[in-house]
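> Below is the sequence, then the predicted model.
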Amino acid sequence: MTGATGHVGRPLVDLLLKEGASVRALSRDPQRADLPEGVEVAATEDLPLDGIDSLFFVLAAFPDGPARLVEQAKKHGVRRIVALSSYSVLDDDPKNFIAVRHRDLEHQIEESGLEWTFLRPAGGLANTALEWREQIRTTGTARGPFARAHSAPLHEHDIAELGARALLTDQLVGAKPLFSGPESITYADRARIIGEAIGKPVRFVEISHDEARAEMKAVGVPPGPIEARLRMFAKLVDNPHEISPVDEFIGHPGRTFAQWAADHAADFR
């Protein structure tokens, strides 16, 4: 497991343990990983892949790409890589930094000769709303550049379920499942729904592109992803997001944003 302490990786670890799998988690700081009993935690820099059958790969854990990990996986007899990719790979705009990086990720893994599955979430991740938690706690507002931009946010547990199926069964070998949350909602809707979950009104405050750009830069988002996000959001204003149900992959309806907000209510209080 790479990204085992992340929003998707952490529930995926729990699912794998529940299914009786042995899990080795790679972490930049093993002493602070805080993973469940039974998980073997090792340093990412060491890439200890001996005895590993399948890998879960997230780009955030290897910002330079998967080349080194793929090389070591082949040396150690790893059979399969399941990568968390992005539906942005379908956008051939060379200015879309996110698309370019994920296309390169998929290409390198596909050319490795190993079994692979590429998970392509569409519609955005619900947990990006956690960027608002301090604002909501202190001011009851959520700031963003596009109040009327639509998304179909995914609950991280649905992505984790799909990841577990790809790792533990052969059902998705060679597949590139594209899936979204079950409903198209605006960013203003997200703020309202979080307010309903915590029992107090939350107001969306729309800010300019320049303000949004400055705020993302201040928290360390690189220029490429900033511009890609702004272009993507602009295209989604007053444009309902296409729904690609995850049901067929995980065996039940995808969780709504209201369910996500209820699960995370404590983060916003």
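Now that the structure is in, tell me what you want to look at. Residues are numbered from 1 along each chain as shown.
> in the helix or strand harbouring Glu215, what's buried?
Per DSSP states H and E: Glu215 is located in helix 209-218. For helix 209-218, burial by neighbour count (16 or more other C-beta atoms under 10 Å) applies to 212-213, 215-216. No exception for glycine: its C-beta is placed from N, CA and C like everyone else's.
> Now for these: which two are most distant?
The span of the buried residues of helix 209-218, defined through C-beta to C-beta, is set by Arg213 and Glu215 at 7.4 Å.
> Please, where are all the helices along the stretch 1-150 of the chain?
With DSSP state H, counting those that start in this stretch as the criterion, the stretch 1-150 of the chain has helices at 9-18, 67-75, 97-110, 133-139.
> Tabulate those in CSV, adding columns for mean pLDDT.
Shown next, in CSV, are these (pLDDT from 0 to 100):
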stretch, mean pLDDT
helix 9-18, 96
helix 67-75, 93
helix 97-110, 91
helix 133-139, 96
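> May I see those organised as JSON lines, with mean neighbour count added?
Below are these laid out as JSON lines (neighbours: other C-beta atoms under 10 Å):
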{"stretch": "helix 9-18", "mean neighbour count": "19"}
{"stretch": "helix 67-75", "mean neighbour count": "17"}
{"stretch": "helix 97-110", "mean neighbour count": "19"}
{"stretch": "helix 133-139", "mean neighbour count": "14"}
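> Dump those to TSV, plus distance to Ala61.
Shown next, in TSV, are the helices of the stretch 1-150 of the chain (distance: least, C-beta to C-beta, whole Å):
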stretch	distance to Ala61
helix 9-18	9
helix 67-75	9
helix 97-110	12
helix 133-139	23
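> still on that earlier bit, just the closest of the buried residues of helix 209-218 to Lys235, please.
For the buried residues of helix 209-218, the nearest to Lys235 is Ala212 (15.1 Å; C-beta to C-beta).
> residue ranges with poor pLDDT in the stretch 151-269 of the chain?
The model of the stretch 151-269 of the chain has no residue with pLDDT under 70.
> List of residues touching stretch 21-38?
With contact meaning C-beta atoms under 8 Å, 6 or more residues apart in numbering, stretch 21-38 is reached by 1-2, 4-5, 9-10, 13-14, 16-17, 39-45, 47-48, 52, 61, 167-168.
> Show me how to select, in PyMOL, the buried members of those.
Here is the PyMOL command that selects the buried residues among the contacts of stretch 21-38 (16+ other C-beta under 10 Å):
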select buried, resi 1+2+4+5+9+10+13+14+16+17+39+41+44+47+52+61+167+168
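> Sort out for me which of the contacts of stretch 21-38 are in strands.
Counting by DSSP state E, the part of the contacts of stretch 21-38 found in strands is 40-43.
> export those to a markdown table and tack on pLDDT?
Shown next, in a markdown table, are the ones in strands among the contacts of stretch 21-38 (pLDDT from 0 to 100):
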| residue | pLDDT |
| --- | --- |
| Glu40 | 95 |
| Val41 | 94 |
| Ala42 | 93 |
| Ala43 | 91 |
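> From those, pick the one nearest Pro240.
Val41 (42.4 Å).
> And Ala218, how far from Ile226?
In this view, Ala218 and Ile226 are 11 Å apart by C-beta to C-beta, to the nearest Å.
> Now do the same contact list for Ala261.
Contact analysis of Ala261 by C-beta under 8 Å, 6+ apart lists 129, 193-194, 196-198.
> Before I go, just wanted to say thanks for your time.
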